[in-house]
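*Asks:* model the following, please.
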Amino acid sequence: MRLTADQFVDRPPKQLAPLYVIHGAEPLGALEAADALRNLAKQLGYTEREVFTAESGFDWSRLSAAGSALSLFATQRLLELRIPTGKPGKEGGQAIEAFCARLPDDTVTLVTLPELDWQGKQTKWFIALEAAATMIESQPIDRSNLPRWLSARMQRVGLHAPPEALDYLADRVEGNLLAAKQEVEKLSLLCPPGEVTLAQLESSIANVSRYSTANLVQAIHAGDTARIARMLDGLKAEGEPPPLILWMLTSELRALQRTNGLTKAGRPPFPAKARELDKLARKHSAASLVRLNRQAATIDRMIKGVNGNDVWDALLQFCCGLAGQRLPVTMPAA
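*Replies:* Residues are numbered from 1 along each chain as shown. Alright, predicted model coming up:
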């Protein structure tokens with residue numbers, strides 16, 4: 001049987017199977033599925049728990065002994081086998097095959113693995129697991145499906161949001177489902193049950209800290225160079241990583257390029273965002289956007305240490321250029 005991590009968490013079984021395998025590239029889904037299984041096992045009377053971590057030098061005879069041993073107190077037990085590398089080796093593979101051929105009584109076994117490539121999935125030990133286990137896969141959520149995932153998460157805590165709010169949040173948590181989960185949990189504390197508007201969401205994200213990359217983008221659209229300088233100074237003081245700031249800024253640059261017809265790549269923005277981009281795009285020509293693209297590439301090299309110039313000064317120049325403005329006359333104090 002095959003399930004996704006969300007399917008297992010949202011619709012847990014009434015009775016547990018003898019063997020489960022959780023694998024995949026997304027850590028949050030794997031963690032939540034494993035926690036859900038442990039909680040369900042505890043509720044169903046699997047009070048004993050034994051954990052093996054198959055790291056370098058692991059004695060695989062311990063798995064065989066655990067499979068054949070009777071429970072210490074004649075109770076049901078949960079047996080966990082964690083294989084962090086996804087490569088048990090020859091001895092480990094044979095031990096897993098033998099274990100799958102004779103699963104222990106009164107025991108639920110959970111095997112956790114990272115993402116495996118196609119070669120790993122063709123090994124005899126993985127095929128043996130597939131034949132005997134309920135397979136739970138935790139895969140990353142791509143950008144196109146992220147708003148739907150966020151909507152489902154919000155519904156769990158009694159919230160819902162319009163498409164533009166979900167898109168706004170998705171743009172800020174893409175590639176980091178743990179951050180997405182934390183944002184939803186924060187919204188459940190800040191907002192009453194019901195609809196969360198885009199304005200509420202923007203306010204919520206701004207409240208994370210005094211300075212945020214989202215507010216920096218707003219300052220760029222406003223053409224407020226003094227505020228841009230203050231915010232960059234604050235982001236630097238708070239330890240905001242330059243790669244994240246550059247990612248946010250280049251995302252805005254790509255959106256402007258799309259608005260000005262220089263590229264068709266990327267997704268069309270939602271209406272409110274499109275109006276902001278149209279206004280800012282009128283400050284730019286094709287030549288200015290190409291120049292900014294080269295500037296972004298230079299900053300990327302600075303971040304990687306190829307260019308020794310000051311990254312934060314370069315980010316300030318880039319932000320002001322993106323805003324269609326000159327550098328502020330009065331620079332913020334360091």
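*Asks:* so where's the stretch 1-150 of the chain shaky on pLDDT?
*Replies:* Residues of the stretch 1-150 of the chain that meet the criterion pLDDT under 70 lie in 69-74.
*Asks:* what lies in contact with stretch 41-54?
*Replies:* 15-16, 38, 58, 60, 62-63, 66, 71-73, 75-84, 88, 92, 108 (C-beta atoms under 8 Å, 6 or more residues apart in numbering). Using the backbone N, CA and C atoms, a C-beta is placed for each residue, glycine as well.
*Asks:* can you give me the strands for the stretch 51-200 of the chain?
*Replies:* 76-82, 107-112, 134-137, 159-160, 194-195 (DSSP state E, counting those that start in this stretch).
*Asks:* so what strands line up beside the last one?
*Replies:* Each strand that strand 194-195 pairs with, and the sense of that pairing, follows from DSSP bridges: strand 159-160 (parallel).
*Asks:* mind checking how far the strand it pairs with is from the chain centre?
*Replies:* In terms of C-alpha atoms, centre = their mean, to the nearest Å, the centre of strand 159-160 is found 20 Å from the chain centre.
*Asks:* try stretch 21-31
*Replies:* The answer for stretch 21-31 is 12 Å, by C-alpha atoms, centre = their mean.
*Asks:* pull out the buried residues from it.
*Replies:* Residues Val21, Ile22, His23, Gly24, Glu26, Leu28, Gly29, Ala30 are the ones in stretch 21-31 that count as buried (16 or more other C-beta atoms under 10 Å).
*Asks:* ditto for stretch 118-131
*Replies:* Thr123, Trp125, Phe126, Ala128, Leu129.
*Asks:* got it, and stretch 37-49?
*Replies:* Neighbour count says stretch 37-49 has Leu37, Arg38, Leu40, Ala41, Tyr46, Glu48 buried, by 16+ other C-beta under 10 Å.
*Asks:* which of those lies closest to Pro192?
*Replies:* Leu40 (31.1 Å; C-beta to C-beta).
*Asks:* pull the contacting residues for that closest one.
*Replies:* Pro12, Pro13, Leu16.
*Asks:* just the buried residues from the contacts of stretch 41-54, in ChimeraX please.
*Replies:* Buried members of the contacts of stretch 41-54 can be picked out in ChimeraX with the line below, counting by 16+ other C-beta under 10 Å:
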select :16,38,58,60,63,66,71,76,77,78,79,80,81,83,88,92,108
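*Asks:* give me the residue at the spatial middle of this protein.
*Replies:* Of all residues in the chain, the one closest to the mean position by C-alpha atoms, centre = their mean is Asn176, 1.9 Å from it.
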